[in-house]
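Provide a 3D model corresponding to the input given below.
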Amino acid sequence: MNWLKSCIFPVVFTCIVLASCSLYTKEQQAPVYDVRSAVVVSPQKIPPAILAGVGDRVNSAINATVRTDVYPRVVLTIRILSVEKGQGIEKSRNVAKVSIDAASVEDGSVIAVSSFEVTSFSNSPTAADEILAEDIAARIRSAFSLSAGRA
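Here you go, the predicted model:
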């Protein structure tokens, strides 16, 4: 029993020291790009309301974003890989898989790649495409530090 008591103090002390070290670490910021334009494409038959909605919202956000510092200039190729609508018990869940390439304006080389999945919920089948388009655009605005703009 004394052995157990003598081991607890060093273990607790080590845990406290390690935890305090993590408080002082800085998070690495994601790189920022000066996005100049975006194009939305799809290898599958995706509803036009989603493609146009994402394109309009992202390009509006690009136009509304003002950069004061110099960042690498890029153009975005947004690929909506798949859309699955009407999932779940209530048939209200919609899921889209998206991939983005950021290509340099200077030489056309791809300098950043991102992919993600967006889930949205809508009880209205007519509004589902617009809601999904807004959720995809919001995720892109967040990833590339773009202003909200107007749709």
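
where do the strands sit along this structure?
Counting by DSSP state E, the chain has these strands, from start to end: 34-41, 73-87, 93-104, 110-121.

can you list the residues that contact the first one?
By C-beta atoms under 8 Å, 6 or more residues apart in numbering, the residues outside strand 34-41 that reach it are 51-52, 54-55, 58-59, 62, 65, 67, 70-80, 102, 105, 140, 144, 146. Placement of C-beta: from N, CA and C, glycine included.

The closest residue to Gly55 other than its chain neighbours bridge partners, please.
Using C-beta to C-beta, 6 or more residues apart in numbering and skipping residues adjacent in sequence, the residue nearest Gly55 is Val40, 4.2 Å away. Taking DSSP bridges, one finds Ile78 as the beta-bridge partners of Val40.

Select the helix or strand of the chain having the lowest average pLDDT value.
Scoring the helices and strands of the chain by mean pLDDT, DSSP states H and E places helix 2-23 at the bottom, with a mean of 63.

what pLDDT does the residue nearest to Gly55 get?
Per-residue confidence (pLDDT) for Val40: 94.

Kindly confirm whether my reading is correct that Leu51 touches Ser42.
Yes - applying C-beta atoms under 8 Å as the test, Leu51 and Ser42 come out as touching, 6.2 Å apart.

Quick check: neighbours shared by those two?
What both Leu51 and Ser42 touch, as defined by C-beta under 8 Å, 6+ apart, is the set Ile80.

Nearest residue to the residue positioned nearest the centre of the chain in space, please, no chain neighbours.
In the chain, the residue lying closest to the centroid (C-alpha atoms, centre = their mean) is Arg139, at 3.9 Å. In space, and not counting its chain neighbours, Arg139 is closest to Val118: 5.7 Å by C-beta to C-beta, 6+ apart.
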